[in-house]
Every structure is written in C-alpha cells, then in structure tokens.
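Asker: only geometry, no sequence info:
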C-alpha cells in the first residue's frame, strides 16, 4: 500500500506550527548542529566528520526544513523573488565578494587545479542556495515586514551556527575572525534581501564569496589538513 505523497505532509502542517518552527530555528539549528558535529567527531576522522556534518546541515536544515515550511512551490518562489537591486544593494553585496577574493582567492590561487575548482564551485552553489533559503527565505515569507523576526533574528542564528563546524576544525584565521566574516556575509545578504524583498539578488554574491574558499576545497579533497 502506498503512503501519502510528500506534498500531503507539507499541506497538513499547520501554518502556526511552521511559523513557530521558523522562529525557533536560530536557536535550534546551532544547538542541534553542535551536537551533530560533536558526535561525528567522536566517530569519524576529522575530515570525514567535517564533511558529514555539512551534509547533515545541507540535507536536513537547508533543504528539508525550508521544504516543510514553504512547500516546493514556496521554495521556488523564494529563490526567484525579489525586486531589481539598487546601486546601494549592489555595493553591499560586492563588499564580501571583494573581501573573499582579496584575502582567500588571490593569495592561494596557485593551489587551484580543475579538481579544486570543481569542489569550490559545488560547495559554493549548494551552501549559498541552502543557506539563503534557511536564513533569509523562510523568514521573509513567515515574518514579512517584521525587521526583528524577519531579518535581525535569523542573522544572529546564521552567525552563531558557524560555531558548530569550528568545533571539529577551527579556521586558520581563528574563531573570532571567522565568525566576523560570516556575520559580514550574513549582514549584507540580509540587508539586500530585505531591501529587495527576495533572494534572487543575493544568491550569486553569496555563492561567489563561498567559491573563493581554496583551502576548504583542498581540505575536502584531503590535500590540506586545515
């Protein structure tokens, strides 16, 4: 006997439950992911634990959770929505991209080959789309016009969540500088998404910023220890 289709579970979820779960996400995501990374660190080598932790984050929180909150059509709408950016929005979004190019991509460009480049692009695409859905898209949809709950609260969660993977492998820049960098990326994306009313404008800049991570890509390939 066939069970009900996945869309049935999405439609059966009460709107108030989805709204409450969205509001709780900036606390629940960092806490659960800290626990996941801690468990994986005990069970697996560092590289495998780090990779598996991100796989859980992307599949569970960045994909399944937005699908439950918004539904498939809502996810597509969130990714496509947004007004044309103003010059201010473009300047905001260009700032972290320029910083990532200057501090990460250019100093380590000699370490890039086709395999590293492929991993850089794949990680950046998956992470940017998933994080924009989780930390911007569902909040804009559930709390429209609410600056605190729809923008500032998820920005805090986005920043704090980055402590979880640091518990397995600390950035060579140090934990504080890494969190500050994440906060800058999150703040510019939050401001631009809020101003334009959607994610369409922020997806590419977020992906370009993440794609500058030469050393993380090499780590995922087993070529670098940190």
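Answerer: All right, it came through fine. Bear in mind the structure is a predicted one, so any value in this text is a computation, not a measurement.

Asker: Which element, helix or strand, includes residue 209?
Answerer: For residue 209, the host element (DSSP states H and E) is helix 203-210.

Asker: The residue lying closest to residue 79 once chain neighbours are set aside: what's it in contact with?
Answerer: Computed as Cβ to Cβ, 6 or more residues apart in numbering, the closest residue to residue 79 that is not its neighbour in sequence is residue 199, at 5.6 Å. Yep, even glycine has a C-beta here, placed from its N, CA and C like the rest. The contact partners of residue 199, taken as Cβ atoms under 8 Å, 6 or more residues apart in numbering, are 78-79, 81-82, 132-133, 136-137, 140, 193.

Asker: what residues does the helix or strand following the helix holding residue 209 touch?
Answerer: Beyond helix 203-210 on the C-terminal side, the first helix or strand identified by DSSP H and E is helix 214-220. Residues outside helix 214-220 that contact it (Cβ under 8 Å, 6+ apart): 47, 50-51, 104-105, 108-109, 111-112, 116-117, 119-120, 123, 169, 172, 224-226.

Asker: in this protein, which spans are helices?
Answerer: For the chain, the helices defined by DSSP state H occupy 6-12, 15-43, 46-56, 65-80, 87-100, 114-132, 138-142, 147, 153-161, 163-166, 175-196, 203-210, 214-220.

Asker: And the longest one, what's buried?
Answerer: For helix 15-43, the buried set under the neighbour-count rule, 16 or more other Cβ atoms under 10 Å, comprises 18-19, 21-23, 25-26, 29-30, 32-34, 36-37, 40-41.

Asker: ok, of those residues, which one's closest to residue 128?
Answerer: Of all the buried residues of helix 15-43, residue 29 has the smallest distance to residue 128: 16.7 Å, by Cβ to Cβ.

Asker: Kindly compare burial across the helices of the chain and name the winner.
Answerer: Looking across the helices of the chain with neighbours counted as mean count of other Cβ atoms under 10 Å, the highest average goes to helix 138-142: a mean of 24.

Asker: which helices and strands does that one pack with?
Answerer: helix 15-43, helix 65-80 (3 or more Cβ pairs under 8 Å, 6 or more residues apart in numbering; DSSP states H and E).

Asker: so which of the ones you listed comes closest to residue 176?
Answerer: Of all the helices and strands packed on helix 138-142, it is helix 15-43 that lies closest to residue 176, at 16.4 Å by Cβ to Cβ.

Asker: And that closest one, what does it pack against?
Answerer: Secondary-structure packing of helix 15-43 (3+ Cβ pairs under 8 Å, 6+ apart): helix 46-56, helix 65-80, helix 138-142, helix 153-161, helix 163-166.
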